[in-house]
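**Student:** Just to be clear, the model below is a prediction. Sequence and coordinates:
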Amino acid sequence: MISIRMQDLKLTLIQSDIHWHQIEANLAMFEEKIWQIEGETDIIVLPEMFSTGFTMETSLAEPMNLTTFKWMKQMAAQTGAVVTGSFIVKDDGQAYNRLIWMQPDGVFMEYDKRHLFRMADEHNHFDFGKDRIVVEWKGWKICPLVCYDLRFPVWSRNLNLEYDVLLYVANWPAVRVSAWDALLKARAIENVSYAVGLNRVGDDGNGIPYNGHSAAYSPKGETLVFSDQEELISLTLNAKDLFNFREKFPAHLDADGFEIK
């Protein structure tokens, strides 16, 4: 059932180029873009490793409660919106590609990327996450994941409608963007949920090009937004449409049970 507190959810995806290995420059750039958002929004979404670009340079890792974390806390407080995205964190001697879900009141949750991209040697530089999270905001339940996680449907399986929105932040290269397009749409359909994915644009410091294709899909697989340009992408997820579709097409009742070990 839909929550009685569940109203339409407004998101702003910041599809942007990223300054290579320049934390302060990226925070300044994203702050400027955040203040360009028109009207109110519930969630502001930033790309994977938004403060550095997708890099294996773990010397850029920050302890929790330092520069980038404090910046996210400040942005959330000032905008009244959740701010989420991943950056490189050093925690207990390990480096993580960590997504932070920062609420305006300073309450936060963290998710460490589970599937590390071995083709870029990420698994030899970072430790992987062990637990998935589902966060609640404005009556919606949201499952935030990171980039390469998109290729592994078991990790995102929505058993018993545990969440309403599947949200990916990414640095997904242009050369494989057709996979991004297909998988993001598939995740929405198979999980009877909205699926939203934010990618970056521009070339990174390794000369790898990114062409965005940030998008949102309905549980029917309908395209709600799509962009391959550097821009702020605004979208509203409709609570009534989600409830009505789940009521008329309850495919989740026939899902296979399993557990991840």
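**Tutor:** In hand now; what should we look at? Residues are numbered from 1 along each chain as shown.

**Student:** ok, now how distant is L161 from E40?
**Tutor:** For L161, the distance to E40 equals 27 Å [Cβ to Cβ, to the nearest Å]. Bear in mind the C-beta positions are built from the backbone N, C-alpha and C, glycine included.

**Student:** Of the two, which one has the most company?
**Tutor:** For L161 versus E40, neighbours defined as other Cβ atoms under 10 Å are more numerous around L161 (17 against 10).

**Student:** burial measure for the residue nearest to the more buried one when sequence neighbours are not counted, as a count.
**Tutor:** In space, and not counting its chain neighbours, L161 is closest to H252: 5.4 Å by Cβ to Cβ, 6 or more residues apart in numbering. Neighbour count of H252, defined by other Cβ under 10 Å: 17.

**Student:** So H252: helix, strand or coil?
**Tutor:** Judged by DSSP: H, G, I helix; E, B strand; the rest coil, the three-state class of H252 is helix.

**Student:** Tell me which residues touch it, please.
**Tutor:** N158, L159, N160, L161, V192, R246 (Cβ atoms under 8 Å, 6 or more residues apart in numbering).

**Student:** any idea how far it lies from E190?
**Tutor:** Counting by Cβ to Cβ, the gap from H252 to E190 is 10 Å.

**Student:** Repeat that for E62.
**Tutor:** Noted for E62: a distance of 36 Å to E190, by Cβ to Cβ.

**Student:** Looking at the contacts of H252, which one is closest to Q7?
**Tutor:** Comparing these against Q7 with Cβ to Cβ picks out R246 as the nearest, at 16.8 Å.

**Student:** Would you mark the buried spots in the host helix or strand of that closest one?
**Tutor:** Element membership of R246, judged by DSSP states H and E, is helix 239-248. Within helix 239-248, the residues that qualify as buried are A239, L242, F245, R246, counting by 16 or more other Cβ atoms under 10 Å.

**Student:** Contacts for it, please.
**Tutor:** Contact with helix 239-248 is made by 1-2, 6-9, 139-140, 161, 164, 192-194, 218-220, 252, as judged by Cβ under 8 Å, 6+ apart.

**Student:** Please list all residues in contact with L235.
**Tutor:** Counting by Cβ under 8 Å, 6+ apart, L235 touches K10, L11, L13, V196, A216, L224, V225.

**Student:** So it lies in a strand, does it not?
**Tutor:** Yes - counting by three-state DSSP, one finds L235 located in a strand.

**Student:** tell me the pLDDT at the residue nearest to it when sequence neighbours are not counted?
**Tutor:** Leaving aside its chain neighbours, L235 sits nearest to V225 (4.7 Å; criterion: Cβ to Cβ, 6+ apart). Predicted confidence (pLDDT) for V225: 98.

**Student:** Can you report how many residues lie near V225?
**Tutor:** Neighbours of V225 under the rule other Cβ under 10 Å: 15.

**Student:** Bridged to it, which residues?
**Tutor:** Beta-bridge pairing for V225 (DSSP bridges): A216.

**Student:** List the residues that contact it.
**Tutor:** Listed by Cβ under 8 Å, 6+ apart, the contact set of V225 reads L13, S214, A215, A216, I233, S234, L235.
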